[in-house]
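A.B. asks: The amino acid sequence is not available; the structure is as follows:
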């Protein structure tokens, strides 16, 4: 059994359109480094210098890794990892009088 990694829509072009890929057990940062080798460009959008980028959220079995051990959070066979980039923006509302 492998680790299931949920890929958000903005990053699926790097995984040949896959919304889920398999990974190996270990630490979160090791998983991301392995994904970078399999899907070039994916890892650099998630992490930088061994740390998860500030505006990327990573969950292991629906638990935010920031409340666990961050990049050193252990993942095991059967776990599910979700990568969720922060979304910003919106529209400016103009009041008409």
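C.D. replies: That came through, no problem. These numbers come from a predicted model, not from an experiment. Numbers count the residues shown, from 1 in each chain.
A.B. asks: Which residues are in contact with the residue most central in space within the chain?
C.D. replies: Ranked by distance to the mean C-alpha position of the chain (C-alpha atoms, centre = their mean), the top residue is residue 83 at 2.5 Å. By C-beta atoms under 8 Å, 6 or more residues apart in numbering, residue 83 lies in contact with 5-8, 11, 46, 56-58. C-beta here means a position set from N, CA and C on the backbone, and glycine is covered the same way.
A.B. asks: mind putting those in a markdown table, secondary structure included?
C.D. replies: What follows is those, written out as a markdown table (DSSP: H, G, I helix; E, B strand; the rest coil):
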| residue | secondary structure |
| --- | --- |
| 5 | strand |
| 6 | strand |
| 7 | coil |
| 8 | coil |
| 11 | helix |
| 46 | helix |
| 56 | strand |
| 57 | strand |
| 58 | strand |
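A.B. asks: Which entries within those residues meet the buried criterion?
C.D. replies: 5, 7, 11, 46, 56-58 (16 or more other C-beta atoms under 10 Å).
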